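Participant: Need coordinates for the following:
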Amino acid sequence: MYEQDYIMRQIKEITAVMAKVLLDAKVDQSFAMLQEVNNQKAYTLIEKLRNGEIKEAVEEVDRLTDDNTKENLMIGLAFYDELSDTSDAALIAAGYSWVKAREAFERFAEKYGMQQMTNLYFGDGNDGGDDDDE
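Facilitator: Numbers count the residues shown, from 1 in each chain. Prediction:
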């Protein structure tokens, strides 16, 4: 358990660094307002996730990230960070699986040319875990 917590902290720190680099860390008022709108979008998607509407939330992230903006990248990273923390029981209750979550993240990461991020969020897929909970 400790090892998993440590790995999740590392993933969150890497995500934060990427956000800082990609967004150039320049904050002005218009950027702050845009960030607030994006935070609201991310919050809405995460609430859907927490309410068991995982498939719908993933589809919405897919649609949202079709235009490949930095802002939508950040929304997607926040969403998938939360999805990767979702319990097995919650995924099963929503009729979802780790395999589907990994495939969805792979599609998202490919849109931004970040395929290597999949293993950071969902492991290498060969860990013998409970990815086939369907």
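Participant: quick one: low-confidence ranges for this protein?
Facilitator: 1-10, 13, 16-38, 125-134 (pLDDT under 70).
Participant: Which parts of it are helices?
Facilitator: Here the chain has its helices, by DSSP state H, at 2-22, 29-50, 54-64, 70-84, 88-93, 98-111, 117-122.
Participant: how big is the angle separating the third one from helix 98-111?
Facilitator: Here helix 54-64 runs at 10 degrees with respect to helix 98-111, directions being taken by axes from the mean of the first three to the mean of the last three Cα atoms, to 10 degrees.
Participant: coming back round to it: same list, the helices of the chain, but as TSV with mean neighbour count please.
Facilitator: Just so you know, the C-beta spots here come from the backbone N, C-alpha and C atoms, and that holds for glycine as well. TSV is the format used below for those (neighbours: other Cβ atoms under 10 Å):
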stretch	mean neighbour count
helix 2-22	12
helix 29-50	14
helix 54-64	18
helix 70-84	21
helix 88-93	14
helix 98-111	18
helix 117-122	19
